[in-house]
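[1] build me a model from this:
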Amino acid sequence: MGRTRSSVVVTGGAGFIGSELVRQLAVRGEPVVVVDNLVNGKRENLADVTSPRVKLMVTDIRDLDALTPILQKARIVYHLACLGVRHSVHAPHENHEVNATATLQLLAASRRADVPRFVYVSSSEVYGGVRWAPTIRWEQMTEDHPAFPCTVYGGSKLAGECYARAYYRTYGYPTVVVRPFNAYGPRSHHEGDSGEVIPKFLLRCLAGRPMVVFGDGTQSRDFTYVTDTAHGILLAGEHPMAVGETINVGSGSEVTINDLARHVAIAAGRPDAPVEHDRPRPGDVARLIADVGRARTLLGYEPKVSLSEGLERLLQWYQSQHKTPDELLEQEILHNWVPVSGAV
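    Next up is the predicted model:
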């Protein structure tokens, strides 16, 4: 008699995007096992998930002995656990071990356990920026755009993608690769080497501090509100046509970092907020913008939250917290790509 497979495993599920994915699964009544070592994830990110069917397992994804029993009951694995892009600049070997080697090991363990589907959540950082200009769709980047990572993080995420695709092509194991572009929203990171531009800008603006732009600010990103990002990832785990595919999840529009600072200042009610320019970050990508045509066609994905609405939602979330912007910024590391001991 075959074992019952009912649970959804979300690695990195106490993190920023992962916890939103868990939230959306919980609303549907899914039994979810969250695997997170809480290095970047936080218990409080799951505090509003009221479903008793959501369980947190505090363990590292490299601990396969701990993971094997839950894989044997899983109907799908959403693999989001990773270490971030700035972390990779000061700790490249650990970054590769977690993001690439552990992904290969988890794929092997999931296949041994006959998990019916494996969704690997990659990153737009694998592209390394625009390397050709398509003639349609406003020069958006399709999934066929060359992948030429600028950082070890991007390289490690691309390695994970290649392993997932290889498991599909070599063994027929049902995998999907999702490439989210720059997500933002409640529970996004402003702190440590995981800190990202929108939460850092917004908190600095609210605290009356200058927003710091690295480089000339002409670099651009496709900022996607986290509920849209998580919904796209969820859909990738459901649709039969997604198996074996690599799928962008983004907003399909771009904004320069200079323009982003202006948007944030307006959202914070401080349109004249100061901006300072600092030295460029190593490995910084010049331009990212998603073509989401494949996600629309295969998954029925459609981003719903505009940048202005998303910034307003994030502002409201920060205003509901029990700490002031100044208190939250105590955890900020401005140059968060250098080792903590030498950070400035």
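
[2] which intervals of the chain have sub-threshold pLDDT?
    For the chain, residues meeting the criterion pLDDT under 70 lie at 1-3, 129-138, 192-194, 339-344.

[3] one more pass at 50, please.
    Scanning the chain for pLDDT under 50 picks out 1-2, 133-138, 341-344.

[4] ranges for the strands of it?
    In the chain, the strands defined using DSSP state E lie at 7-11, 32-36, 54-58, 74-79, 118-121, 175-180, 182-184, 211-214, 220-221, 223-225, 246-249, 255-256, 275-278.

[5] so for I289, which of those sits nearest?
    strand 220-221 (6.9 Å; CB to CB). Yep, even glycine has a C-beta here, placed from its N, CA and C like the rest.

[6] neighbours of G172, how many?
    11 (other CB atoms under 10 Å).

[7] all helices of this protein, in order?
    16-27, 64-71, 85-90, 92-96, 102-112, 152-171, 197-206, 226-236, 257-267, 293-299, 307-319, 325-328 (DSSP state H).

[8] buried set for the fifth one?
    If you call a residue buried by 16 or more other CB atoms under 10 Å, then helix 102-112 has these buried ones: 102-104, 106-107, 109-111.

[9] now distance to Y127 too, for those, in JSON lines please.
    Formatted as JSON lines, these follow (distance: CB to CB, whole Å):
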{"residue": "A102", "distance to Y127": "22"}
{"residue": "T103", "distance to Y127": "18"}
{"residue": "L104", "distance to Y127": "22"}
{"residue": "L106", "distance to Y127": "24"}
{"residue": "L107", "distance to Y127": "22"}
{"residue": "A109", "distance to Y127": "29"}
{"residue": "S110", "distance to Y127": "26"}
{"residue": "R111", "distance to Y127": "28"}
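
[10] and of those residues, the nearest to Y120?
    Nearest member of those to Y120, counting by CB to CB, is T103, at 6.7 Å.

[11] next one: the closest one from V77, what distance?
    11 Å (CB to CB, to the nearest Å).

[12] and for L299?
    In terms of CB to CB, L299 sits 18 Å off from V77.

[13] show me which of these two is the more surrounded one.
    Set L299 next to V77 and count neighbours by other CB under 10 Å: V77 wins out with 29 against 25.

[14] surely that one and I70 touch.
    No. Assessed by CB atoms under 8 Å, V77 is found out of contact with I70, at 9.4 Å.

[15] what do those two both touch?
    V9 (CB atoms under 8 Å, 6 or more residues apart in numbering).

[16] what sits against the residue nearest to Y173 when sequence neighbours are not counted?
    Using CB to CB, 6 or more residues apart in numbering and skipping residues adjacent in sequence, the residue nearest Y173 is Y167, 4.3 Å away. Listed by CB under 8 Å, 6+ apart, the contact partners of Y167 are 107, 111, 118, 173, 175.

[17] identify the residues contacting the first one.
    Neighbour list for L107: 118, 120, 163-164, 167, 173, 175 [criterion: CB under 8 Å, 6+ apart].

[18] pretty sure A273 contacts M211?
    Yes. Using CB under 8 Å, A273 is in contact with M211, at 6.5 Å.

[19] overlap in contacts, those two.
    205, 261, 264-265.

[20] by neighbour count, which of these wins?
    Ranking the shared contacts of A273 and M211 using other CB under 10 Å puts V264 first, with 27 neighbours.

[21] check contacts around the closest residue to that residue other than its chain neighbours.
    Here the nearest residue to V264 in space, its sequence neighbours aside, is F201; by CB to CB, 6+ apart that works out to 4.4 Å. Residues near F201 by CB under 8 Å, 6+ apart: 211, 260-261, 264.

[22] now, among those residues, which is nearest to T50?
    Closest to T50 out of the contacts of F201 is V264 (31.6 Å), distances taken as CB to CB.

[23] where's the closest one relative to G215, distance?
    From V264 to G215 the distance is 17 Å (CB to CB).

[24] got it, and E302?
    Computed as CB to CB, the E302 to G215 distance reads 33 Å.

[25] ok, now A286?
    9 Å.

[26] looking at the strands of the chain, which is closest to E332?
    Among these, strand 211-214 sits nearest to E332 (CB to CB), with 9.9 Å.

[27] hmm, who's touching that closest one?
    So strand 211-214 is in contact with 200-201, 204-205, 257-258, 261, 264-265, 273-281, 284, 334, going by CB under 8 Å, 6+ apart.

[28] list buried residues within the residues you listed.
    Among the contacts of strand 211-214, those buried by neighbour count (16+ other CB under 10 Å) are 200-201, 204-205, 257, 261, 264-265, 273, 275, 281.

[29] these into a markdown table, with extra columns for distance to V292?
    Shown next, in a markdown table, are the buried ones among the contacts of strand 211-214 (distance: CB to CB, whole Å):
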| residue | distance to V292 |
| --- | --- |
| K200 | 26 |
| F201 | 25 |
| R204 | 30 |
| C205 | 29 |
| I257 | 22 |
| A261 | 25 |
| V264 | 24 |
| A265 | 28 |
| A273 | 31 |
| V275 | 30 |
| R281 | 26 |
